[in-house]
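Visitor: next comes the sequence, and after it the predicted model I'd like to discuss.
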Amino acid sequence: MSLINDKTCGWINSLSPRNNIKVLKNNYNCDWIIIGAGFTGLSAARKLGEINPNEKIVLIDAQLAGEGASSRNSGYLVDSTLNDGFTSNKNFKEYKEKVDIYNLGIKSIKKFIKEHQVECDWNECGKYFASSRIEDEKKLKNFSKTLSLLNIENKFLFKKDLLKKLGTDFYKISVYTKGGILLNPGKLARAMVDTLPKNVTLYENTKLLNWKRENNLISCIFEKGKILGSKIIFCTNGYLSSLGIEKHYSFPLTLSASMTRPLTESEFSSIGRPKEWGVLPVRAMGATVRMTKDRRILIRNTAEILNKSVEQNKIKRLGEFHRLGIQKRFPQLPLDIIESTWSGVACRSGNSSQIFKKIYNNVFATGCYNGSGIGVGTLFGEQIALKASNINSDEIKIIEKRKKPIWLPPQPFLNLGIRTRLFFERIKARTEI
């Protein structure tokens, strides 16, 4: 596992630098240890602090809190998905269970934003599942039927209408869904850091080297210290398997994205001055594209088998690939328009299910959000804190009703299978990149 703090992410670069960063430099005893300070770990810590106000809670991240995958995603708070990585639930009952979890995730985020008066560029503008190939109409019709059965408002749009809405004639067909929110993930993650309860101690840039159960306690070893705790919650998502947690049930993928500078008045006018929008691909390895509130274009169209951010010498190459994707959609814009390119580690399972588990009496883990980490990650963080505190909830019942992630083959067979699948999915989505 290799983690670095870099200055490549446009969402993070728009935030003011923090100056209250603590690094673990000695030994510490506590009641709770939480590993991972993304949306899940921050939410777990917040909930634990609320329900256990007199207990010591330590939250630890190998990077800066909230600045890993949480701040590096595309900012979609989804109510429905067509592709979860390579798969999606074709069984209606399973798909409904997944949508129920999405809606609970949206509810959790709304509650947090209302309670703490968070400004994160929230926009309930819906989203488009779009394709440049009209032959994808059959797939979208089946998807539309499923959405309608779930009472999710949706409608078909074709090239002419999409040009008006998106400012590009690249897409030939789309299903628009009214539900779903676009937001700035960096601002949301920072708000979660800034609102941690007083009984939560946050250590950052503090990498977990080893952990074990020791005399009914949990011992965590770091480079410059050791922490003993009564209970531990692992919230590391894409890094769960590298810590030995459910390692045969999930795998990491590193996704990369680029964001342009804000479009000038003339550039914005040349594409029709569209309102903020978000496009998700119909084909699994197609590009995710956004027009942001401040007139930037974001594109994500690359995935690699890594459990770390992409090395800096590769970022420029990925940025060029993203530039080609933007040029396909907006040929009238300048070629040097990209301002930032970055990567982040996501987590997948073989059947688009999540991990939510009590491993031992004092060891808990959650993660593997299959690209829906804002809402689902927040929800699961709150609920794993309740579960670890022996508190039941209706949300836990709904979460645990879903199928568990399926078993995955060991290495090197797993990576070979993933690379093969990536290769064929890229071929099928080559026009959508």
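Guide: That came through, no problem.
Visitor: run a quick neighbour tally on Phe356.
Guide: Residues near Phe356, counting by other CB atoms under 10 Å, number 23. Backbone N, C-alpha and C define where each C-beta goes, glycine included.
Visitor: ok, now Lys226?
Guide: 15.
Visitor: how about the secondary structure of it?
Guide: strand (DSSP: H, G, I helix; E, B strand; the rest coil).
Visitor: next one: it from Ile33, what distance?
Guide: Remark: distance between Lys226 and Ile33 (CB to CB, to the nearest Å) = 11 Å.
Visitor: can you check Phe251 too?
Guide: Counting by CB to CB, the gap from Phe251 to Ile33 is 25 Å.
Visitor: now do Asn216
Guide: 14 Å.
Visitor: neighbour count for these two, which is higher?
Guide: Ile33 (27 against 8).
Visitor: chain neighbours aside, what residue packs nearest to the more buried one?
Guide: With sequence-adjacent residues excluded and distances taken as CB to CB, 6 or more residues apart in numbering, Ile33 is closest to Gly229, at 3.8 Å.
Visitor: before we move on, what about Lys164?
Guide: Lys164 sits nearest to Gly272 (CB to CB, 6+ apart), 6.7 Å away.
Visitor: re the thing from before, give me the common contacts of Lys226 and Ile33.
Guide: Jointly contacting Lys226 and Ile33 under the rule CB atoms under 8 Å, 6 or more residues apart in numbering are Cys220.
Visitor: for burial, what's the neighbour tally of Ser250?
Guide: Applying other CB under 10 Å, we find 24 residues neighbouring Ser250.
Visitor: and it, what does it touch?
Guide: By CB under 8 Å, 6+ apart, the residues touching Ser250 are 240-241, 347-349, 355, 367-368, 405, 408.
Visitor: pull the distance from the one helix or strand Lys98 maps to to the chain's centre.
Guide: Per DSSP states H and E: Lys98 is located in helix 92-116. Between the centre of helix 92-116 and the centre of its chain there are 14 Å (CA atoms, centre = their mean, to the nearest Å).
Visitor: what of stretch 228-246?
Guide: For stretch 228-246, the distance from its own C-alpha centre to the chain's C-alpha centre is 18 Å (CA atoms, centre = their mean).
Visitor: now stretch 205-217
Guide: Offset of stretch 205-217 from its chain centre (CA atoms, centre = their mean): 26 Å.
Visitor: between the two ends of that stretch, what distance do you get?
Guide: Distance between the boundary residues of stretch 205-217 (CA to CA, to the nearest Å) amounts to 24 Å.
Visitor: what lies in contact with it?
Guide: Stretch 205-217 is contacted by residues 1, 3, 5, 21, 23-24, 35, 60-64, 218-224, 228-230, 232, 243, 360, 362-363 when judged by CB under 8 Å, 6+ apart.
Visitor: and the residue positioned nearest the centre of the chain, how far from Ile299?
Guide: Among the residues of the chain, the one closest to the centroid is Gly373, at 3.5 Å (CA atoms, centre = their mean). Going from Gly373 to Ile299 by CB to CB gives 19 Å.
Visitor: following the chain onward from the helix holding Lys98, which element is next?
Guide: Downstream of helix 92-116, the next assigned helix or strand under DSSP H and E is strand 127-131.
Visitor: ok, then the element right after that following strand?
Guide: Later in the chain than strand 127-131, the nearest helix or strand by DSSP H and E is helix 137-149.
Visitor: distance from the chain centre to that following helix, please.
Guide: Centroid separation for helix 137-149 versus its chain: 25 Å, with CA atoms, centre = their mean.
Visitor: sheet-wise, list the partners of the next helix or strand after that helix with their directions.
Guide: Using DSSP H and E, the helix or strand that follows helix 137-149 in sequence is strand 154-158. Strand 154-158 has its sheet partners listed here by DSSP bridges as strand 173-177 (antiparallel).
Visitor: ok but Asp294 is inside a strand, no?
Guide: No. Asp294 is assigned coil when assessed by three-state DSSP, not a strand.
Visitor: and the residue nearest to Val310 when sequence neighbours are not counted, helix, strand or coil?
Guide: Spatial nearest neighbour of Val310, chain neighbours left out: Ser343 (4.0 Å); criterion: CB to CB, 6+ apart. Going by three-state DSSP, the secondary structure assigned to Ser343 is strand.
Visitor: how about the contacts made by Ser343?
Guide: By CB under 8 Å, 6+ apart, the residues touching Ser343 are 8, 72, 254-257, 309-310, 315, 318.
Visitor: roughly how far does it sit from Pro252?
Guide: For Ser343, the distance to Pro252 equals 11 Å [CB to CB].
Visitor: so how many other residues sit close to Tyr203?
Guide: Here the count is done by other CB under 10 Å, and Tyr203 has 21 residues near it.
Visitor: next, count neighbours for Lys224.
Guide: Neighbours of Lys224 using other CB under 10 Å come to 10.
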